[in-house]
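Enquirer: Sequence and predicted model, in that order:
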Amino acid sequence: MNLKNSITIVFFSLISYISVSQDGLPIYSDYLTDNYYLIHPSMAGAANCAKVRLTGRQQWFGHENAPKLMTLSANGRIGESASGIGGIVFADGNGYHSVKGAYLTYAHHLMFSRSETDLNMLSFGLSAGFIQYQLDETGFLFDGPDPIVSGGVENATNFNVDIGASYHYLDFYIHGTIKNVLENEGVNNNTQITSNLRRYLVTAGYVFNKYGSSWSFEPSVLFNYRDLTEETTMDFNAKAYKAMDFGTIWGGLSFRKSFDGAEYVNDSDSSIGSQTLNQISPILGINYNNLMFAYTYAHQLDDVVFTNGGFHQITIGINFSCRRERYDCNCPAVN
């Protein structure tokens, strides 16, 4: 195989990667760092404080052009009204390909409880924004001209919306979101593959606490379904909180399981094998007064990987314009 053919295969591999894996803001474990708004627009302004969260994620330290992600989000209530607003900006880079985007969100919260002591709230949210895809081909033509490679920087910008709803009842919560509702012209004019970037997300959890104890425990799950490729993943999460005089110390463990695998050739006997994504992520965090800091590490459990470890994520945040904790519940995402 000559060098030009190799470049062509790499090029189409990159296009395929853009088509099936880059559809806006990636769904990582950021939401477990007290930031459900990042994936569910109905959570904008749901808490008793306005929140700002900054997350940096770096994979595979020591490898050039390794995947990295930065997100900045902010959300809060509009005064004493039942409405909330928010905004998200992000930049996701992976080798020659990068995605940047920005969303604005409006949410409305309906209270069904007789008083503010008991939490019984239904919320609706809508996010709208632009996503810019970029493919840097400036380093592709080292073997001479190629008709399918421009040699420049290819860009495509799409507009899309996310819609969702949340329900909180005392210590229980459930969120549902449809991301990338609209179909568009597609990235690289490939309407059959990239025009439908729709995802369906459902999150549910419950916070357990023994009366008088400073400890609470929160199991939760995240269901993630991709419409076009019919891929399904699930996160199984467990978090523990310890109330302190200065705030809260918390930690947890998340296990991500994909139900759709990929085939590969075994080097030893040339047989065809298959595997699914299996990833485990421990999380540690601290809330000190109105400040928050969290660290997440992800480890892949599969046999055939680029590298098992090296997925590091740091989140810092600040809460402001806080009202008193209105609800008599163990609901850290709201109180």
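Expert: Everything's here; your move.
Enquirer: what pairs with Tyr297 across the strands?
Expert: Beta bridges link Tyr297 to His312 when assigned by DSSP bridges.
Enquirer: now do Asp162
Expert: When assigned by DSSP bridges, Asp162 has beta-bridge partners Ser127.
Enquirer: for the protein, which spans come out with low pLDDT?
Expert: 1-23, 60-66, 116, 137-151, 185-194, 261-274, 302-310, 325-328 (pLDDT under 70).
Enquirer: For the stretch 51-200 of the chain, just list every one of the strands.
Expert: For the stretch 51-200 of the chain, the strands defined by DSSP state E, counting those that start in this stretch occupy 68-77, 83-94, 97-111, 120-136, 153-169, 172-179, 199-206.
Enquirer: what's the angle between the first one and strand 83-94?
Expert: Using axes from the mean of the first three to the mean of the last three Cα atoms, to 10 degrees, the direction of strand 68-77 lies 180 degrees away from that of strand 83-94.
Enquirer: Report the beta-bridge partners for Gly84.
Expert: Gly84 has these beta-bridge partners by DSSP bridges: Arg77, Ala107.
Enquirer: Thr232 now?
Expert: With DSSP bridges applied, the residues forming beta bridges to Thr232 are Tyr225.
Enquirer: List the contacts of it.
Expert: By Cβ atoms under 8 Å, 6 or more residues apart in numbering, the contact set of Thr232 is 223-226, 258-260. From N, CA and C alone the C-beta is placed, and that goes for glycine too.
Enquirer: How much space separates Thr233 from Asn120?
Expert: 31 Å (Cβ to Cβ, to the nearest Å).
Enquirer: likewise Ala107?
Expert: Look at Ala107 and Asn120: by Cβ to Cβ, they are 17 Å apart.
Enquirer: Who has more neighbours out of those two?
Expert: More neighbours surround Ala107 than the other of Ala107 and Asn120, with 28 against 16 (other Cβ atoms under 10 Å).
Enquirer: Pretty sure that one sits against Tyr36.
Expert: No: contact between Ala107 and Tyr36 fails when scored by Cβ atoms under 8 Å: they sit 11.6 Å apart.
Enquirer: tell me, what's touching those two both at once?
Expert: Taking Cβ under 8 Å, 6+ apart as the contact rule, the neighbours common to Ala107 and Tyr36 are Met43.
Enquirer: Name all residues that make contact with the closest residue to Tyr169 other than its chain neighbours.
Expert: If you skip the residues right next to it in sequence, Tyr169 has Asn120 as its closest partner in space, 5.3 Å away by Cβ to Cβ, 6 or more residues apart in numbering. By Cβ under 8 Å, 6+ apart, the residues touching Asn120 are 111-113, 168-170.
Enquirer: Buried members of those into ChimeraX, please.
Expert: Command for ChimeraX that selects the buried part of those, burial taken from 16 or more other Cβ atoms under 10 Å:
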select :168,169,170
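Enquirer: Which of the contacts of Asn120 sits closest to Ser42?
Expert: Ser42 lies nearest to His168 out of the contacts of Asn120, by Cβ to Cβ, at 10.3 Å.
Enquirer: now that closest one: how far from Asn224?
Expert: As defined by Cβ to Cβ, His168 lies at a distance of 21 Å from Asn224.
Enquirer: what residues are up against Asn209?
Expert: Residues in contact with Asn209 (Cβ under 8 Å, 6+ apart) are 171, 215-217, 330.
Enquirer: Now list the buried members of those.
Expert: Buried positions within the contacts of Asn209, assessed by neighbour count (16+ other Cβ under 10 Å), are 171, 216, 330.
Enquirer: Just the closest of those to Arg199, please.
Expert: Checking the buried ones among the contacts of Asn209 one by one against Arg199 (Cβ to Cβ), the nearest turns out to be Asp171, at 27.4 Å.
Enquirer: Would you mind measuring from that closest one to Lys68?
Expert: 36 Å.
Enquirer: Which parts of this structure are helices?
Expert: Secondary structure of the chain (DSSP state H): helices at 3-21, 191-194.
Enquirer: Pairing partners for Lys179 in the sheet, please.
Expert: For Lys179, the beta-bridge assignment (DSSP bridges) gives partners Arg199.
Enquirer: what about Arg57, how many neighbours?
Expert: Arg57 is surrounded by 21 other residues when neighbours are defined as other Cβ under 10 Å.
Enquirer: Tell me who's in contact with it.
Expert: For Arg57, the set of contacting residues under the criterion of Cβ under 8 Å, 6+ apart consists of 28, 30, 67-70, 311-313.
Enquirer: mind running it again at 10 Å?
Expert: Contact partners of Arg57, counting by Cβ atoms under 10 Å, 6 or more residues apart in numbering, are 26, 28-30, 67-71, 92, 296, 298, 311-315.
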